[in-house]
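>>> All I have is the shape, not the residue letters:
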């Protein structure tokens, strides 16, 4: 890769690198990369390991990735073996993926690393999204903050690290991503999103206020903020685009992503280089979940408090059906449950594994090359969780109900004997506690909550009776199969749930490429 001809990207709060992957994967008509990740910053140990490994992968052209990389993904060699075999490339990867915590690492050190990564390049892009859990609607409800934010939660103010870097380093363009809940978040009765927009438009002024007595003058001219999906109605006297907060929401399912993921993504263009409105993302027909996960190997759930093997799993399900299903199950659902368990074929790959040897395919012809890597010879991160027997019964009921009714059941649809013994089960709070993904539709949003218990992410196939694996969630998020998630399974789920879908990020990168021209 000729680094002199690619546009450097600095990725803040990078997570496992979904946003960066979209930029790094964009190529020109000659197949050459348009952007390169010059520096990605992430504090979480496991997400950083994922970033570092992917950075190593990108040190090679696509067709020149060494066989040892795939041996590592298959568990045949260690990461140390891989990095020792390609020592210089591993050093470059470690330099690119920096484990540091913005807000705690000294600003001077951050600025030094950014300057070092840019090497005086003036044409570059800042991307990233401050941690979003503080702004998510679900998170605020769980913490009983409702629309108000917790002023003691440091994550609320991490976006200030973002505009500080804008003020100090003046990138020509930037992209900032966050959850839709940001629009309704309040701090001291004021909508924080309006404050964020003002800070992003005028980072120099906001940074100087932030410094207080220790002011150092920023020469950043400021930014015009644009939506990727809606043109401004007009411009005010200062040239500011006229957009409403809701105009920044991107509904990912409308742009070729197989999930109903709605996120705020802001494009900033520095005022002194602005010449014309940026292009908008091009809408695309909905991609249904079937196309990305249906051809992955079938695997069964585990049993968490009983002897766990495939025969006992089969026995547990058949006993539930044969010993008399709860009487309040509607007849059409009842008959489908009996049929599903009666025709049950035990998955050949049992509970899966961190690597499953398999002739992996996908029903998504236009994106086959994006997802599938034949050199891998299988699929990674595809092992199942163990569940309580009672939850297996709930998953069986819910997936059969969804198959028959075409929608996921609410708690009111469950027979009383299958209701969880949770104090809120009959209060209407989180009435969709058990949520099935529906064949023939885009998936519901994959979030970090998938790491908790899987109840919101039940696989639509009743004969597998389980929640989604990390790889299924990753495919729904549009990560390529050769993108390996490091760390324990819980962390893998969090990484996938917090990420920006790489294919959506690539579409964003395409707009940025044209804007920089």
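Ah, there it is. On a predicted model such as this, the values are computed, not experimentally measured, just so you know.
>>> what's the burial count for the nearest residue to residue 488 once chain neighbours are set aside?
The spatially closest residue to residue 488, leaving aside those adjacent along the chain, is residue 46, at 7.3 Å (CB to CB, 6 or more residues apart in numbering). Where you see a C-beta, it was placed from the backbone N, CA and C, and this is true even at glycine. Applying other CB atoms under 10 Å, we find 18 residues neighbouring residue 46.
>>> Let me see the ranges of the strands in the stretch 301-450 of the chain.
302-303, 352-357, 378-383, 386-387, 443-444 (DSSP state E, counting those that start in this stretch).
>>> Break the protein down into its domains, please.
Domain ranges of the chain: 3-287+500-516, 290-498, per automatic domain parsing.
>>> what distance separates the start and the end of the last one?
Domain 290-498 has its terminal residues 22 Å apart, counting by CA to CA, to the nearest Å.
>>> I'd like the average pLDDT over it.
Averaged over domain 290-498, pLDDT sits at 93.
>>> in a helix, that's where the residue nearest to residue 488 is, yeah?
Yes: read with DSSP: H, G, I helix; E, B strand; the rest coil, residue 46 is one of the residues of a helix.
>>> Surely it is in contact with residue 489?
No: if you go by CB atoms under 8 Å, residue 46 and residue 489 don't touch, sitting 10.5 Å apart.
>>> wait, what's in contact with residue 298?
347-349, 461, 463-464 (CB atoms under 8 Å, 6 or more residues apart in numbering).
>>> Return the members of those classed as buried.
347, 349, 461, 463-464 (16 or more other CB atoms under 10 Å).
>>> ok, back up a step: same list, the strands of the stretch 301-450 of the chain, but as TSV with mean neighbour count and distance to residue 397 please.
Shown next, in TSV, are the strands of the stretch 301-450 of the chain (neighbours: other CB atoms under 10 Å; distance: least, CB to CB, whole Å):
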stretch	mean neighbour count	distance to residue 397
strand 302-303	18	17
strand 352-357	19	23
strand 378-383	24	24
strand 386-387	18	13
strand 443-444	22	18
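>>> What's the local residue count around the residue nearest to residue 384 when sequence neighbours are not counted?
Nearest non-adjacent residue to residue 384, counting by CB to CB, 6+ apart: residue 351, 4.7 Å away. Other residues lying near residue 351 total 22 when counted by other CB under 10 Å.
>>> wouldn't residue 351 be in contact with residue 300 here?
Yes: with contact defined as CB under 8 Å, residue 351 reaches residue 300; the gap is 6.0 Å.
>>> Name the residues contacting each of those two.
residue 384.
>>> tell me what the top helix by length along the chain is packed against?
Counting residues, the longest helix found in the chain (DSSP state H) is helix 389-405. In terms of contacts (3 or more CB pairs under 8 Å, 6 or more residues apart in numbering; DSSP states H and E), helix 389-405 is packed against helix 310-322, helix 331-342.
>>> List the buried residues in the first one.
It refers to helix 310-322. Neighbour counts over helix 310-322 (16+ other CB under 10 Å) mark 313, 316-317, 320-321 as buried.
>>> ok, residue 333 - contacts?
Per CB under 8 Å, 6+ apart, neighbours of residue 333: 397, 400-401, 404-405.
>>> what do you get if the cut-off is 6 Å, keeping everything else the same?
Contacts for residue 333 were tallied using CB atoms under 6 Å, 6 or more residues apart in numbering; they are 400-401, 404.
>>> One more: residue 362?
With contact set as CB under 6 Å, 6+ apart, residue 362 has these partners: 295, 368, 371.
>>> if you set the cut-off to 8 Å instead, what comes out?
So residue 362 contacts 291-292, 295, 368, 371-372, 475 (CB under 8 Å, 6+ apart).
>>> thinking again about what came up before, list just the one of the helices and strands packed on helix 389-405 that sits closest to residue 252.
Of all those, helix 331-342 sits nearest to residue 252, with 31.2 Å by CB to CB.
>>> Tell me the buried residues in that closest one?
By 16+ other CB under 10 Å, the buried positions in helix 331-342 come out as 333-334, 336-337, 340-341.
>>> ok, back up a step: turn the contacts of residue 362 into CSV, including neighbour count and distance to residue 87.
Formatted as CSV, the contacts of residue 362 follow (neighbours: other CB atoms under 10 Å; distance: CB to CB, whole Å):
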residue, neighbour count, distance to residue 87
291, 18, 40
292, 25, 36
295, 16, 38
368, 11, 34
371, 21, 31
372, 19, 30
475, 28, 33
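>>> I appreciate the help and will end here.
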